[in-house]
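Enquirer: could you work out the structure for the sequence below:
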Amino acid sequence: MLRSFLMLAAFFGFTGVALGAFAAHGLKNRLSADYLAIFHTGVTYQLVHALAILALAVLSVHLPGRLVAWSGGLFAAGILLFSGSLYLLTLSGLGKLGIITPIGGLCFLAGWLCLGLAAWRLG
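Expert: Below you'll find the model as predicted:
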């Protein structure tokens with residue numbers, strides 16, 4: 001789990017920084033201020049949860065178990081669904097993609113809940 005989480009954290013961290021730079025330099029004259037803010041929200045949530053996955057990588061060495069694994073998987077799914085839908089929505093203009101965003105948000109919440117339950121089980 002350590003290697004998988006480290007690779008996920010590196011991938012999402014790298015792409016989060018790259019997408020943030022792309023938005024700041026490549027999209028600022030192409031998207032409305034509202035769409036840029038939406039894109040930035042996706043980047044922010046991606047980077048925060050990339051760091052959370054990095055923390056889970058370290059935690060998984062000391063606290064192996066399903067809840068920690070589920071937490072990392074849910075964070076990754078949340079990034080793909082939440083942030084990914086915001087990126088696609090802003091770049092394509094298809095407002096219907098916004099229906100996917102709350103599912104990603106629920107993945108984030110479930111991931112944090114799994115982490116909390118793992119902590120609770122420590123006694």
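Enquirer: how near is residue 10 to residue 57?
Expert: 10 Å (Cβ to Cβ, to the nearest Å). Using the backbone N, CA and C atoms, a C-beta is placed for each residue, glycine as well.
Enquirer: ah, wrong one, I meant residue 29
Expert: 38 Å.
Enquirer: okay, those two: which has more neighbours?
Expert: residue 57 (21 against 7; other Cβ atoms under 10 Å).
Enquirer: can you pull out the helices in this protein?
Expert: For the chain, the helices defined by DSSP state H cover 2-22, 33-62, 66-78, 84-92, 101-120.
Enquirer: who are the contact partners of residue 13?
Expert: Taking Cβ atoms under 8 Å, 6 or more residues apart in numbering, we find residue 13 in contact with 47, 50-51, 54.
Enquirer: kindly indicate the member of those with the most neighbours.
Expert: Result: residue 50 is most packed of the contacts of residue 13 (other Cβ under 10 Å), 23 neighbours.
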